[in-house]
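In: I would like to see how this sequence folds:
(2 chains)
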Amino acid sequence: MDYGLYAALLIMVVSAVAAAAAKTARSSALWAATAGAAVCCAMSLAGAPGPAMLALASAAAGGGFILRASAGSRDDAPSLSRTMPIAMGLAVAGAVAFSTLALGELPQLGDGPSGGAPNVNAQLAFGQTGAANLVASVVFDFRAFDGMCAVAIVAAACCGAMWLFRPGNAAGAPSSFLTPARAAMAWMVIAAAILASAHMILWGHLRAGGAFAGGVTLAAALIATARTFGDETAERLVCLRRSRAVTVLATGALVLVGLAGAGSGYVFFSRVIPPGPHFAVPGAGTIFWASLASGVAIALGLYGAYLAIGAAPGKGST
Amino acid sequence: MIPYLAAVILFAVGVFAIVSGRGRHKAIIGMGLVHFAAALVFCLAGWRTGGEPPLVTSESWEATSRAVASGSEAATIHDPTAQAMAAMVILIGTAMTVLAAAIHSKLQTLSNDDEGGPSEEATS
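Out: Numbering: from 1, shown residues only, chains lettered A, B, ... in the order given. This next block holds a predicted model:
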């Protein structure tokens, strides 16, 4: 396990340096996505499959956003003053010094943070919430307020991006390399990604993945559709206005799940729907509905923001 | 400690990309690298030697129930709270990437409008 982890970390560092040093936005985004894939491998080897899937999907979607935002832009690198390299060096040295000092506060690798009895905690968590994915139990039950705020931040950022631009005509044309055979292969890959994301959103509280990873994966699949076949094809799947409306409604639905607990005389996000039979999809009570609303809000929010950036006047797909 | 140091290097590279002033897209990528570094530290901090992913299966549920009832040792799992925090860090990092990309695009659009039309010299 150790060798695999070290190899993934080495690839991660090399790719990150290459992303920072690359000259064009395209190569920089590709190196950054490679670093994200290496982070995914490292997290998988550290026993965190859910965050690993989220890291991979986030790297893919983030690369798409950077490519679209940089489309048609000229080199915007300002000329550096003489004092700027010194300031840069101080900033990087400060970051390294601060984080190296912080390492002393962290537990030894392999010890875990509490050193307590995780098996009893797992037993209690699954018995109380019915979610076999204990990360989903934490995000949508024990720390549900934090989880809701994280989703609200994504929805607010995406709605901000959508409202920043006035919806115009989608300008993306299909790529020139797209022969019928390549188009068929691309559709197969995208369809598989959409199915996998639906599985993660609906069953993520029972298996590896979860609503966050499912939502970002669905957004990455839709962004891949737009980049491969053009914005018009992607708009036929879900249009910009509809994705904006669904993002707001799904975020509101998540808040309603929380309010249902408060309205029934308990506290925010309490379990108004008691856990049902173990390992059944609705068996996790409110966690299923909260994760469904979160996944939909994240997916359509990210996708709508991507479409909005491309529909801005003077912008087109790369 | 080597995995933690790798996360520190990733963090430093991200900070360098942000402050180096080599283009707005580099700054956006730098923010993403800093978020990945933070999420990686969370996952590594919650890792337990010989542990299993925090997923309950029917077999592990029965085995854990028996072990807890008899007071014996059951399989160790990695800390789910640390992984949940890592997931939230990545999600918020994604939101920041979206907003930064939108602002970058808007600034580019305004710059093109000032100069009377979109640029012909695309570098990407």
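
In: sketch out the low-pLDDT regions of chain A for me.
Out: A:1, A:72-84, A:112-121, A:123, A:166-177, A:265, A:311-318 (pLDDT under 70).

In: which residues of it fall in strands?
Out: Here chain A has no strands by DSSP state E.

In: can you give me the helices in it?
Out: A:2-21, A:25-45, A:49-69, A:84-103, A:118-129, A:134-137, A:144-164, A:180-203, A:211-229, A:231-237, A:240-263, A:286-310 (DSSP state H).

In: centre of the chain to stretch B:29-42, how far?
Out: Remark: stretch B:29-42 is offset 5 Å from the chain centroid, using CA atoms, centre = their mean, to the nearest Å.

In: where's residue A:268 relative to residue A:20, distance?
Out: 42 Å (CB to CB, to the nearest Å). For the C-beta atoms, the positions are set from N, CA and C on the backbone; glycine is no exception.

In: those two: which is more packed in?
Out: residue A:20 (24 against 15; other CB atoms under 10 Å in any protein chain shown).

In: and the residue lying closest to that one once chain neighbours are set aside, what's its pLDDT?
Out: In space, and not counting its chain neighbours, residue A:20 is closest to residue B:17: 4.2 Å by CB to CB, 6 or more residues apart in numbering or on different chains. Note on residue B:17: pLDDT of 87.

In: after the helix or strand where residue B:17 lies, which helix or strand is next? Please name it.
Out: Residue B:17 belongs to helix B:2-19 when assigned by DSSP states H and E. Using DSSP H and E, the helix or strand that directly follows helix B:2-19 along the chain is helix B:24-45.

In: returning to that earlier point: most tightly surrounded among the helices of chain A?
Out: Mean neighbour count, computed with mean count of other CB atoms under 10 Å in any protein chain shown, is highest for helix A:134-137 among those, reaching a mean of 30.

In: contact partners of that one?
Out: A:50-51, A:122, A:125-126, A:128-129, A:131, A:204-205, A:210-211, A:284, A:287, A:291, B:54-56, B:77, B:80, B:83-84, B:87 (CB atoms under 8 Å, 6 or more residues apart in numbering or on different chains).

In: please apply the same query to stretch A:292-303.
Out: In contact with stretch A:292-303 (CB under 8 Å, 6+ apart) are residues A:61, A:140, A:147, A:151, A:154-155, A:157-159, A:197, A:200-202, A:204, A:211-212, A:214-216, A:218-219, A:222-223, A:234, A:238, A:242-243, A:246-247, A:250-251, A:253-254, A:257, B:91, B:94, B:98.

In: repeat that with 7 Å
Out: A:61, A:151, A:154-155, A:158-159, A:201, A:211-212, A:214-216, A:218-219, A:222-223, A:238, A:243, A:246-247, A:250-251, A:253-254, A:257, B:98 (CB atoms under 7 Å, 6 or more residues apart in numbering or on different chains).

In: what about the residue lying closest to residue A:49 once chain neighbours are set aside, neighbour count?
Out: Once flanking residues are discounted, residue A:49 sits nearest to residue A:208: 3.9 Å by CB to CB, 6+ apart. Neighbour count for residue A:208, taken as other CB under 10 Å: 20.

In: so residue A:208 sits against residue B:55, correct?
Out: Yes. Using CB atoms under 7 Å, residue A:208 is in contact with residue B:55, at 6.0 Å.

In: follow-up on the earlier one: tell me which of the helices of chain A sits nearest to residue B:69.
Out: helix A:118-129 (9.8 Å; CB to CB).

In: and the residue nearest the centre of chain B?
Out: residue B:36 (3.1 Å; CA atoms, centre = their mean).

In: was I right to think that one contacts residue A:38?
Out: No. The criterion here is CB under 7 Å, and residue B:36 misses it with residue A:38 at 9.3 Å.

In: which neighbours do those two share?
Out: Contacts common to residue B:36 and residue A:38, judged by CB under 7 Å, 6+ apart, are absent.

In: convert the C-alpha atoms of stretch B:1-9 to PDB, please.
Out: Only the C-alpha atoms of stretch B:1-9 are listed here, as PDB (Å, rounded to 0.1, in the frame of the first residue of the first chain):
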ATOM      1  CA  MET B   1       5.400  12.000   7.700                       C
ATOM      2  CA  ILE B   2       6.300  11.800   3.900                       C
ATOM      3  CA  PRO B   3       2.600  11.900   2.800                       C
ATOM      4  CA  TYR B   4       2.000  14.900   5.000                       C
ATOM      5  CA  LEU B   5       5.100  16.600   3.400                       C
ATOM      6  CA  ALA B   6       3.700  15.900  -0.100                       C
ATOM      7  CA  ALA B   7       0.500  17.700   0.900                       C
ATOM      8  CA  VAL B   8       2.700  20.600   2.200                       C
ATOM      9  CA  ILE B   9       4.500  20.800  -1.200                       C
END
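
In: show me what it is in contact with.
Out: Contacts of stretch B:1-9 (CB under 7 Å, 6+ apart): A:5-6, A:9, A:12-13, A:96, A:99-100, A:103, A:106, A:109, B:37, B:40-41, B:44.

In: longest helix in chain B, by residue count?
Out: Max-length helix for chain B by DSSP H is helix B:80-114.

In: how near is residue A:126 to residue A:274?
Out: Counting by CB to CB, the gap from residue A:126 to residue A:274 is 14 Å.

In: please read the previous query as pertaining to residue B:28.
Out: Residue B:28 is 44 Å from residue A:274, by CB to CB.

In: circling back to that earlier point, of the helices of chain A, which is nearest residue B:102?
Out: Nearest of the helices of chain A (CB to CB): helix A:144-164, 3.6 Å.

In: before I go, just wanted to say thanks for your time.
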